[in-house]
Every structure is written in structure tokens, then in C-alpha cells.
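Asker: could you work out the structure for the sequence below:
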Amino acid sequence: MNFRTEKLGELESLVVPGQPGGPGIILCHGYGANAFDLLPLAEQIKAEPGTHWFFPQAPLTFSLGPQMEGRAWFPLVARMLERLLAAGENITYSEVVPDGLAEAREKLSSLVTATNIPLHKLTLGGFSQGSMLTTDFTLRCGQKPAGLIILSGTLICEHEWRPLVPALSGLEFFQAHGTEDPILPYSNARRLEELLRSGGLIGEFLAFAGGHAIPPAVQKKLSAYLRRNV
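Answerer: Numbering: from 1, shown residues only. This is a model prediction of the structure:
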């Protein structure tokens, strides 16, 4: 695969170049992974010829063990929820507004601008924590992108997101989630789908028998989605 490492805005990114004037896809990796984790999707998923692919590197680092480094867009939501509950806050997972989310969103915004691709020709998405960030950015950016991809994502910031959703009415999204996901429960992914549809978004929710992953069945459906929207 032909790719390069490039600083776009405030984020180091792996870039698979397309053709001049072609559309773009930005995919953000999950907690503990890095930009290389999703890079193979540029070959496994069949998008429109000439599409530019961008795989940004999350800015936060932490130790996964001896000489092993993980990356994150913001701290784990589950740990923040534990702290809030311990402090006496009556709150659920879907209501948590993660520390560092606003900063991560600004960095992603700088990348979007630096691609020099109009937002209406950009599809944004990611896996797990990366999809939380791109969903948050999409809801707050004030314009409609070409599409939104939510792979093993979940609902956060519900009280902030809900009033923003109607502005994206008509946008087609693609969401996939394992029914046995041990990390981000399937039920909360369904709540996110309900939130999006309640505001007029249209799209597809693909449930698959499995856990926190992107199996071949998801890749096939995602390819079809991109051919319709990119």
C-alpha cells in the first residue's frame, strides 16, 4: 500500500493519497491503538476510486507495559464515570462529557481543514473511542459531511448531542456493533442509533454476532455504504 506520514493541522496522520479533487475519508483509531490499526481498511474497504484516506494519530500517550505505548483521544469514559459516581453525581455513561474531548475535537478540526477537501466531500468515522470523537465533531461542526461511520461506538454527551442532531437531518450514517461487545455495550450503541434517527438522520445499523471488532461482514456493508455516499 502506498502511504505516507504527514503532519496535518495538529495531528500526525497516515495518508493514502487519492486523485486530485477526489473525496476523502478520515478514520480515527480506538483507545490504546494507533493510526496503523485501521490503515489496512484502505485496502479492505472498496471506496470510490481516487479517494484520499486519512488515519490520524491520537495525541495522548500512556504505557501499555514494558516498551509498549498506547494512544488515546481522551481518558476512558468508564473511569470518569466511576469518579463522578464516587463523588455523588447521579449520572449514566451516556451523559458523561469526557475530559479532553473538546481539545481532541479542535485537533481533529485542524486536520479536517488541512486536508483541503470540502467537508461535503469528507466522510468521518472511527472505531470505538475514535467514533465517539468523530460523532461529536460531526454534530458540532455546523455543516454536513458526506457521511458518518460509527464502528463499535457508543452514546456519550447525550444532553449536549440531542439538541444538535436535527441540524444533520437527512445525513446517512453507517453504524455497526457486536451483540456481545464486552467493552462498549450493545444496548448503548442502540441508544445512539435512536438518538440519530430521532433527529432525522437516516442510515444502517449492522448488528453482528461478536465483540469489539470490525469483522468481514462489516467491511462488506461499509464498502457498499461508501460507494453510495463518497
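
Asker: hey, let's count contacts and neighbours off CA atoms from now on
Answerer: Fine.

Asker: how about the helices in this structure?
Answerer: 41-44, 77-86, 101-114, 129-140, 158-161, 186-198, 216-229 (DSSP state H).

Asker: so how far is residue 57 from residue 71?
Answerer: From residue 71 over to residue 57 the distance is 8 Å, taken as C-alpha to C-alpha, to the nearest Å.

Asker: got any residues that touch both of the two?
Answerer: residue 34 (C-alpha atoms under 8 Å, 6 or more residues apart in numbering).

Asker: could I get stretch 73-84 in CSV with only the CA atoms?
Answerer: C-alpha atoms of stretch 73-84 as CSV (Å, rounded to 0.1, in the frame of the first residue of the first chain):
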residue,chain,number,x,y,z
TRP,A,73,-8.0,10.8,22.2
PHE,A,74,-9.2,11.4,25.7
PRO,A,75,-9.3,9.5,29.0
LEU,A,76,-11.5,6.4,29.4
VAL,A,77,-15.2,7.3,29.8
ALA,A,78,-15.7,4.4,32.2
ARG,A,79,-13.1,5.7,34.6
MET,A,80,-14.5,9.2,34.5
LEU,A,81,-18.0,7.7,35.3
GLU,A,82,-16.6,5.9,38.3
ARG,A,83,-15.1,9.1,39.6
LEU,A,84,-18.3,11.0,39.1
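
Asker: quick one: contacts of that stretch?
Answerer: 31, 58-60, 90-93, 96, 98-101, 104, 129-130, 133.

Asker: and what of stretch 125-136?
Answerer: 25-31, 72-73, 101, 104-105, 124, 148-156, 161, 184.

Asker: and that stretch, what's buried?
Answerer: Of the residues in stretch 125-136, 125, 126, 127, 128, 129, 130, 131, 132, 133, 134, 135, 136 count as buried by neighbour count, 16 or more other C-alpha atoms under 10 Å.

Asker: tell me the residue in this structure that is farthest from the middle.
Answerer: residue 88 (30.6 Å; C-alpha atoms, centre = their mean).

Asker: how close does that one get to residue 159?
Answerer: 19 Å.

Asker: equivalent analysis for residue 4, please.
Answerer: Relative to residue 159, residue 4 is positioned 39 Å away (C-alpha to C-alpha).

Asker: and the lowest-mean-pLDDT helix or strand in the chain, how far out from the chain middle?
Answerer: The helix or strand of the chain with the poorest confidence is helix 77-86; it has a mean of 73 (mean pLDDT, DSSP states H and E). What separates the centre of helix 77-86 from the centre of its chain is 22 Å, taken as C-alpha atoms, centre = their mean, to the nearest Å.

Asker: could you do stretch 139-157 as well?
Answerer: 7 Å.

Asker: I'd like the average pLDDT over that stretch.
Answerer: Stretch 139-157 carries an average pLDDT of 96.

Asker: what are the buried residues along it?
Answerer: Quick answer for stretch 139-157 (16+ other C-alpha under 10 Å): 139-140, 144-156.

Asker: could you take the buried residues of stretch 125-136 and lay them out as JSON lines, with extra columns for distance to residue 64 and pLDDT?
Answerer: Output for these, formatted as JSON lines (distance: C-alpha to C-alpha, whole Å; pLDDT from 0 to 100):
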{"residue": "125", "distance to residue 64": "25", "pLDDT": "98"}
{"residue": "126", "distance to residue 64": "21", "pLDDT": "98"}
{"residue": "127", "distance to residue 64": "19", "pLDDT": "97"}
{"residue": "128", "distance to residue 64": "18", "pLDDT": "94"}
{"residue": "129", "distance to residue 64": "17", "pLDDT": "95"}
{"residue": "130", "distance to residue 64": "18", "pLDDT": "97"}
{"residue": "131", "distance to residue 64": "21", "pLDDT": "97"}
{"residue": "132", "distance to residue 64": "22", "pLDDT": "96"}
{"residue": "133", "distance to residue 64": "22", "pLDDT": "97"}
{"residue": "134", "distance to residue 64": "24", "pLDDT": "98"}
{"residue": "135", "distance to residue 64": "26", "pLDDT": "98"}
{"residue": "136", "distance to residue 64": "27", "pLDDT": "98"}
